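Chemist: no FASTA, just this:
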């Protein structure tokens, strides 16, 4: 539901903020007050053209912002990523020569705004490209009119996906025998090369450390042996021997001075640490003593791993993944003929299944089109389309798609004796709005678009027809939010909320504004629509009477 329109610096609008509620909202005003500007602003908000010529002050930015509340709607009509706290705010700002499009603050393309907005609003205004002007949408209207039909369409889409997946795989298997053999031989060689290497994840890192250590083994041995000589027990000047003698000498103090015990304890600990260190150093020296055979084996293993990395991936994990992929492809190639036979047989079965479900859908569409168009014709008759001919022309396409194989176009003749033509070739702006009103009234339970906006729905009608249009709009507003501009008191009197569009002059500048009216102001506006410039007491009484009927 559209709950707010915020417009700045557009045509005669300086800044305007309108809040809408549920039900039927009617906008009225004098000719030239700016009703078309309001509809134009909504059109811009829905992704329409936005250029500098439309700005009131070309030195300032222009802004159109539409806020929608989706709480309580029938279904998830918009993907969740575009909804924030149950709302969607579509913003279009013209800054310089650039239009900045945003949904809930995130920058998007104008195309994305049109895609999302189309699910939220149907705008039926003269010169607007509405749903009815797009032939491809006619079949969508038909399919949405019946739950069973929608289910059949889903079945066709499912069968189509299954058939297409199988058919595309079959179509892709076009390699000739010699190329397959070459490819299979090549893959067999590469798989064998990798498998014979018996790679273990992480072994390259361990081998690199070992190889580096062996390359430095001579220098390592020189340093460690020197340190062992300094700290060991091989000479009288070594640290180990020196500390052992020192320990022995200090122990003689035990019997001479008990205060020397802490010193004896400390030097004993140091002597033990030196002994432990020399033991560990000795083991390190022995382990660092590599022979040529170990060095050569390690070097060859690293060369093999690095050569495989150059061909198949940066890590051993990458190489093993490549091997798995090649084995899968090899298995496919080796079973090629068998797979082609399997896919060919399956292709026929799936296509026959698709044809059957598509045929079932076509028959159901023809039957439902007759029901729908009969209902729409009856609704059109109520809206002053006298002796209208309205039906759906369903023809068969050469190919089956995910939507079946039907092309469906609404056909209409609004004058007796004239051949019916496609809807978009016949209907004027006002007629198109009334036709959509009739269609929507027949689809009220199935249609998920929350908001319908009508402009010029009352063109060329009056009297009892105007009353019927008003009643139909009121009924439709029970399931949809309806916003409409009208010149007819019969329609305006049915509104749940009335808005007055008016032109005012301030500081020698003209502005268009809109405000909600109620009470005496509402009565006065209905009276104006009834009586024109001269509003007498009788006209006021007629307005009160008209409002009392609702």
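Modeler: Okay, I see it. Note that the structure is a prediction, hence the values are computed from the model and not measured.

Chemist: all contacts plus neighbour counts: C-alpha atoms, from now on.
Modeler: Noted.

Chemist: residue nearest the centroid of the protein?
Modeler: Closest residue to the average C-alpha location of the chain: residue 79 at 6.2 Å, with C-alpha atoms, centre = their mean.

Chemist: can you tell me how far that residue is from residue 88?
Modeler: Using C-alpha to C-alpha, to the nearest Å, one gets 11 Å for the distance from residue 79 to residue 88.

Chemist: then residue 207?
Modeler: With C-alpha to C-alpha as the criterion, residue 207 and residue 88 are 59 Å apart.

Chemist: what's the answer for residue 546, then?
Modeler: Here the criterion is C-alpha to C-alpha. By it, residue 546 lies 37 Å from residue 88.

Chemist: and those two? which has more neighbours close in?
Modeler: residue 88 (23 against 19; other C-alpha atoms under 10 Å).

Chemist: how about that one: what's its closest non-neighbour residue?
Modeler: By the measure of C-alpha to C-alpha, 6 or more residues apart in numbering, the closest residue to residue 88 outside its immediate chain neighbours is residue 68, 5.1 Å from it.

Chemist: mind checking which helix or strand that neighbour is in?
Modeler: strand 62-69 (DSSP states H and E).

Chemist: that strand: partners in the sheet, and parallel or antiparallel?
Modeler: Counting by DSSP bridges, the strands paired with strand 62-69 are strand 2-10 (antiparallel), strand 87-95 (antiparallel).

Chemist: so which of these gets nearest residue 479?
Modeler: The closest approach between residue 479 and any of the strands paired with strand 62-69, judged by C-alpha to C-alpha, belongs to strand 2-10 at 14.0 Å.

Chemist: low-confidence ranges in the stretch 401-550 of the chain?
Modeler: 427-430, 532 (pLDDT under 70).

Chemist: any chance you could map the strands in it?
Modeler: 404-413, 421-422, 451-454, 481-485, 497-506, 509-517 (DSSP state E, counting those that start in this stretch).

Chemist: got those strands as a markdown table, with distance to residue 303 and mean neighbour count columns?
Modeler: As requested, these are arranged in a markdown table below (distance: least, C-alpha to C-alpha, whole Å; neighbours: other C-alpha atoms under 10 Å):
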| stretch | distance to residue 303 | mean neighbour count |
| --- | --- | --- |
| strand 404-413 | 60 | 21 |
| strand 421-422 | 75 | 18 |
| strand 451-454 | 70 | 22 |
| strand 481-485 | 74 | 25 |
| strand 497-506 | 83 | 17 |
| strand 509-517 | 81 | 16 |
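
Chemist: and the lowest-mean-pLDDT helix or strand in the chain, what's buried?
Modeler: Of all the helices and strands that make up the chain, the one with the lowest confidence by mean pLDDT, DSSP states H and E is helix 217-231; it has a mean of 74. Within helix 217-231, the residues that count as buried by 16 or more other C-alpha atoms under 10 Å are 217, 220-221, 224-225, 228-231.

Chemist: so which of those comes closest to residue 360?
Modeler: residue 217 (82.1 Å).

Chemist: look up how far residue 250 lies from the residue of the chain most remote from its centre.
Modeler: Relative to the mean C-alpha coordinate of the chain, counting by C-alpha atoms, centre = their mean, the farthest residue is residue 256 (91.4 Å). Spatial separation of residue 256 from residue 250 under the definition C-alpha to C-alpha is 10 Å.

Chemist: residues in contact with the strand holding residue 68: which ones?
Modeler: Around strand 62-69, the neighbours that count as contacts under C-alpha atoms under 8 Å, 6 or more residues apart in numbering are 1-10, 41-42, 44-45, 55, 86-95.

Chemist: the lengthiest helix in the chain to strand 404-413, inter-axis angle?
Modeler: Among the segments of the chain that qualify as a helix by DSSP state H, the longest is helix 336-382. Here helix 336-382 points in a direction 20 degrees away from that of strand 404-413 (axes from the mean of the first three to the mean of the last three C-alpha atoms, to 10 degrees).

Chemist: what's the offset of helix 336-382 from the middle of its chain?
Modeler: Computed by C-alpha atoms, centre = their mean, to the nearest Å, the chain-centroid distance of helix 336-382 equals 28 Å.

Chemist: next one: stretch 416-431
Modeler: 37 Å.

Chemist: hmm, who's touching it?
Modeler: Counting by C-alpha under 8 Å, 6+ apart, residues outside stretch 416-431 touching it are 125-127, 132-135, 387-390, 409-413, 455-459.

Chemist: now the host helix or strand of residue 42: average pLDDT?
Modeler: When elements are assigned from DSSP H and E, residue 42 belongs to helix 35-45. Predicted confidence along helix 35-45 averages 87 (mean pLDDT).

Chemist: can you give me the angle it makes with strand 2-10?
Modeler: Using the same axes, to 10 degrees, one finds that helix 35-45 and strand 2-10 are set 100 degrees apart in direction.

Chemist: which of the strands paired with strand 62-69 sits closest to residue 540?
Modeler: Comparing the strands paired with strand 62-69 under C-alpha to C-alpha, the one sitting nearest is strand 2-10, at 31.5 Å.

Chemist: after the closest one comes which helix or strand?
Modeler: Remark: after strand 2-10, the chain's next helix or strand is strand 13-19, criterion DSSP H and E.

Chemist: so which residues make contact with that following strand?
Modeler: Contact partners of strand 13-19, identified using C-alpha under 8 Å, 6+ apart, comprise 3-9, 56, 511-515.

Chemist: direction included, what does that strand pair against?
Modeler: Strand 13-19 pairs in its sheet with strand 2-10 (antiparallel), by DSSP bridges.

Chemist: just give the closest residue to residue 398, not the sequence neighbours.
Modeler: In space, residue 398 is closest to residue 405, 7.2 Å off (C-alpha to C-alpha, 6+ apart).
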